[in-house]
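Undergrad: Prediction below, plus the sequence it came from.
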Amino acid sequence: MTEPTIPITAGLSALKGLRGQILIELKKDQPLTAQELADRHGVTANAIRRHLKELEAEDLIEYAREQRGQGAPTYAYKLTDHGESLFPKRYDKTLTAVLDFLEQRAGRAEVRRFFDQRFRRQAEEILAGLGEVDLETRVAAVVEYLSREGFMAEWSKDSGEIKIAEHNCAMHVVAERFPEVCDSELQFLQDLLGPGVERQQHIVSGCNSCEYAFNLLDAIGPRPAASPEQA
């Protein structure tokens, strides 16, 4: 399993050490309790609570009481809107405005063609750079690309299934207005890894991550590098 690459924004770069790691853990799997965060970092819950108080004072996190099991309610923490803003949002209002203009001039179908062409070109570049490689190398290349684009991606393999998780949506504002980008991303993964790739979780639908999965038996075999004419 790969650890997600975290593109560093100005805000995140100022939050080093455990404080920054707390924010990353919450981004990946919120809400979490102080004890859950402590277990993940091998420190005491009191050590975590000190950092949680500081992050709360900076309006980066907030908490709510949750009933977990039969014991007393506990406090679970999640990112505030300000905390979420520390993570990359590379495609925001400017691109949305451009796509609104494109839709007005050429129709909604042209927006879908825009996303399809962008992802198809990137798929061709990835394939051209890989040549004949095994599946895991190809998956790693896809995850590396997604992480460079700000999606905090990682992948894992278990019992004949590969999962790709994106813990940050760098196109959240765009995806809310134009869900076609999510459809094009799914097609991009199917083109590179096989038609069996399915989306199991979706950030726009309220999940912590966008998660894709496919069975190894449905994966595409080694792919030759694209010819100069194709590239």
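TA: That came in fine, so what should we check first?

Undergrad: measure Arg120 to Gln70 for me?
TA: When distances are taken as Cβ to Cβ, to the nearest Å, Arg120 and Gln70 turn out to be 52 Å apart. Every C-beta, even on glycine, is put in place using the N, C-alpha and C of the backbone.

Undergrad: who has more neighbours, these two?
TA: For Arg120 and Gln70, the more surrounded residue by other Cβ atoms under 10 Å is Arg120, and the numbers stand at 14 against 5.

Undergrad: May I ask which helix or strand encompasses the nearest residue to Leu60 once chain neighbours are set aside?
TA: Closest residue in space to Leu60, ignoring its immediate chain neighbours: Gly83 at 3.9 Å, by Cβ to Cβ, 6 or more residues apart in numbering. Assigned by DSSP states H and E, Gly83 belongs to helix 81-84.

Undergrad: cool, and Arg121?
TA: With secondary structure defined by DSSP H and E, Arg121 is part of helix 108-130.

Undergrad: Check which helices and strands that helix is in contact with.
TA: Helices and strands touching helix 108-130, by 3 or more Cβ pairs under 8 Å, 6 or more residues apart in numbering; DSSP states H and E, are helix 93-106, helix 135-148, helix 180-193.

Undergrad: List the strands paired with the very next helix or strand once past the second one, with their directions.
TA: Read that as helix 135-148. Along the chain past helix 135-148, the next helix or strand (assigned with DSSP H and E) turns out to be strand 153-158. According to DSSP bridges, strand 153-158 has the following sheet partners: strand 161-166 (antiparallel).

Undergrad: What mean pLDDT does the partner strand get?
TA: Regarding strand 161-166, the rounded mean pLDDT is 96.

Undergrad: repeat for stretch 79-91
TA: Mean pLDDT, stretch 79-91: 81.

Undergrad: Nearest to the spatial middle of the chain, which residue is it?
TA: With the centre of the chain defined as its mean C-alpha position, the nearest residue by Cα atoms, centre = their mean is Glu166, 2.1 Å away.

Undergrad: these two touch, right, it and Trp155?
TA: No. Taking contacts as Cβ atoms under 8 Å, Glu166 lies outside contact range of Trp155: 10.2 Å.
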